[in-house]
Structure formats: C-alpha cells, structure tokens
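> What follows is a predicted structure for the sequence shown.
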Amino acid sequence: GAVVSQHPSRVICKSGTSVKIECRSLDFQATTMFWYRQFPKQSLMLMATSNEGSKATYEQGVEKDKFLINHASLTLSTLTVTSAHPEDSSFYICSAENRGGGYGYTFGSGTRLTVV
Amino acid sequence: QKEVEQDPGPLSVPEGAIVSLNCTYSNSAFQYFMWYRQYSRKGPELLMYTYSSGNKEDGRFTAQVDKSSKYISLFIRDSQPSDSATYLCAMSAGFGNEKLTFGTGTRLTIIP
C-alpha cells in the first residue's frame, strides 16, 4: 500500500529557532500534499495545501511566512516552522493522495514539535 | 456551526460489544466520506471510504451514509481491545486532491 514517510517523529527546539519537517511519498508520486496541525484531543486542522512546483495554498489564519512549505519534487514536501515559539508546539501531520492506488489519502506518522 | 459534528466521547464499551460511531454534517456538497483510526501520537489510517449514500462492509467494520439526513455511521462488530483508538470521520466534496474536513474524533476504549 501507499506509504508516506514523515521525519522527524519528535523534535524539541529552543524558542526562536527554525525546524524543518519532511514528508515523503515512498512508492507513489504526489503532486499535492496536505499539512495539518493537531492539538491534544482535537481534530486535524488543515494548514496548507502543498503543490509540486508552485506556491502552497494556505488556509485562513495560517501565517505563510511562519510556516514555509516547499514541494520541490513529486515525492517530497517540507514544512519549516520559522522562529518557533512555545505556542507552535503541536502535532504536525502530512498527507498525500495516491491516485494510482484508488481513493484514499495516506497520512504520515506525524511530528511532535515541542518548543521550549 | 461546524461543518462536521462528531461526539468526542470518550466512549467505553466491553470487549465483544457492537460500537456505533456517528457524524453529522451541514455541507450538502460532500460526496466522499471516510473513517480514519488514529492511535495515540500516530497519523490517522484510513479504515473505510464510501461514495455518496449507502453501506459498505469490510470485515468487522460497516460504514453507512445517509445523505438525505446528512448523517454517517461506523459500526464495529465484535470489538477488540486493539480497536481502542480515536476515530475520525472525514469528508470531501470532490475526488482528487480535495481537502478533507474532519470531525473532532471520538475516543474509544474497549474494555477487556
């Protein structure tokens, strides 16, 4: 089945530093990937849609200068949290659609970001 | 009003019981309906996918969609402790890189 690999699974960083999260589709090409944020005991909130070779589309209220998204190839999308602050601490998850494998969005395993 | 409403639970049932999980929605444009299972600190995994109204069965899981009532359900038969997880409903209006709208998730615990 389709696999989306997300790294790192957990990261702790100091306030003011930047953190990069990678999301790779391992056995399929993904022209579009989605980035979500999930707070404890809450649902997934879509942050942005990442499109290969073009700018990401951000949801209302998401700071595009703070959450930089790059989708440089058909198998890799990255989310960089710039100048991280404690309120950015959350669970970040990416997903991609494997069009060749029938319907279904495959999710990465998530990244737990803690900003101290 | 949220586009998708889901009772957050928590819901605890004894092993072997039938579990019923539900979501309601307000956007009549939704055509594709999914149920995801999420274990703690993991990404969601797709359990069931249904297009438009109807039922779909896969092993112990049955998904039902009633578009006229804007109501979807997931039934789990012969529940197992390994079914303990958070269950999220999700919906989209189209097929092909359409964004998903999620419910808040229901936290389910199966008691041995």
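Alright, I've got the coordinates.
> Give me every residue in chain A lying close to chain B.
Listed as neighbours of chain B in chain A under the rule C-beta under 8 Å from any C-beta of the partner chain: A:4, A:6, A:31-32, A:34, A:41-44, A:46, A:49, A:91, A:93, A:95, A:97, A:99, A:103-110, A:112. Every C-beta, even on glycine, is put in place using the N, C-alpha and C of the backbone.
> Point out the ones among these that are inside strands.
Using DSSP state E, the subset of the residues of chain A next to chain B located in strands is A:4, A:6, A:32, A:34, A:44, A:46, A:49, A:91, A:93, A:95, A:97, A:105-107, A:112.
> So which helix or strand of chain B has the lowest pLDDT on average?
strand B:45-51 (a mean of 89; mean pLDDT, DSSP states H and E).
> ok, and does that one reach over to chain A?
Yes: Strand B:45-51 lies within reach of chain A by C-beta under 8 Å from any C-beta, at B:45, B:46, B:49, B:51.
> ok, now stretch B:26-44?
Yes: residues of stretch B:26-44 contacting chain A under C-beta under 8 Å from any C-beta: B:32, B:34, B:36, B:41, B:42, B:43, B:44.
> Spit out the contact partners of residue B:99.
A:34, A:46, A:49, B:92 (C-beta atoms under 8 Å, 6 or more residues apart in numbering or on different chains).
> again, but for residue B:21
B:6, B:11, B:35, B:73, B:74, B:75, B:76, B:87, B:89, B:106, B:108 are the contacts of residue B:21 under C-beta under 8 Å, 6+ apart.
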